[in-house]
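S.K.: With the sequence up front, the predicted model follows.
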Amino acid sequence: MIGRNSPIAAMTCGLVLTMLCAARFARAAEPITPEQLARLRAEIPPAPSEQKWTQIPWQTSLWAARQQAAAQGKPILLWEMDGHPLGCV
């Protein structure tokens, strides 16, 4: 059990005090200008060479993929992720 005089309690208290002191000096980032936003929006999208995976004829039905793989004698690559199908949220 951790008592008030234990080293862990002292370190925790010190860490909390350090974080509170640091928070006093933290400040919010400056807002970006419309010109900066336009430049960032131009830089963020991936290049076509980084989107090769979009050229693969993905199947959304596992059964259809199994039938096609069996007919062509090919293996299946199953790309699975948890979360919402339009993005992990």
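M.R.: The structure has been received and is ready for your questions. Computed from a predicted structure; not experimentally measured. Numbers count the residues shown, from 1 in each chain.
S.K.: Low-confidence ranges, the chain, go.
M.R.: Low-confidence segments of the chain, defined by pLDDT under 70: 1-5, 23, 85-89.
S.K.: so where do the strands sit in it?
M.R.: Counting by DSSP state E, one finds no strands in the chain.
S.K.: By residue count, which helix of it is the longest?
M.R.: Secondary structure assigned by DSSP state H gives helix 7-25 as the longest helix of the chain.
S.K.: Give me the buried stretch members for it, please.
M.R.: For helix 7-25, a neighbour-count test (16 or more other C-beta atoms under 10 Å) marks nothing as buried. All C-beta atoms are positioned from the backbone trio N, CA, C, and that covers glycine.
S.K.: what residues does stretch 57-64 touch?
M.R.: 65, 68, 78-79 (C-beta atoms under 8 Å, 6 or more residues apart in numbering).
S.K.: By neighbours, which of those wins?
M.R.: Neighbour counts for these, by other C-beta atoms under 10 Å, peak at A65, which reaches 16 neighbours.
S.K.: M19 versus that one, what's the distance?
M.R.: Separation of A65 from M19 (C-beta to C-beta, to the nearest Å): 50 Å.
S.K.: any idea which of the contacts of stretch 57-64 is closest to P45?
M.R.: W79 (21.7 Å; C-beta to C-beta).
S.K.: residues in contact with the closest one?
M.R.: W58.
S.K.: Quick check: A9 vs A22, distance?
M.R.: 21 Å.
S.K.: If you could redo that for H84, that was the one I meant.
M.R.: Distance from H84 to A22, by C-beta to C-beta: 36 Å.
S.K.: thinking again about what came up before, could you identify the most distant pair in the contacts of stretch 57-64?
M.R.: Going by C-beta to C-beta, the pair spanning the contacts of stretch 57-64 furthest: Q68 and W79, at 15.4 Å.
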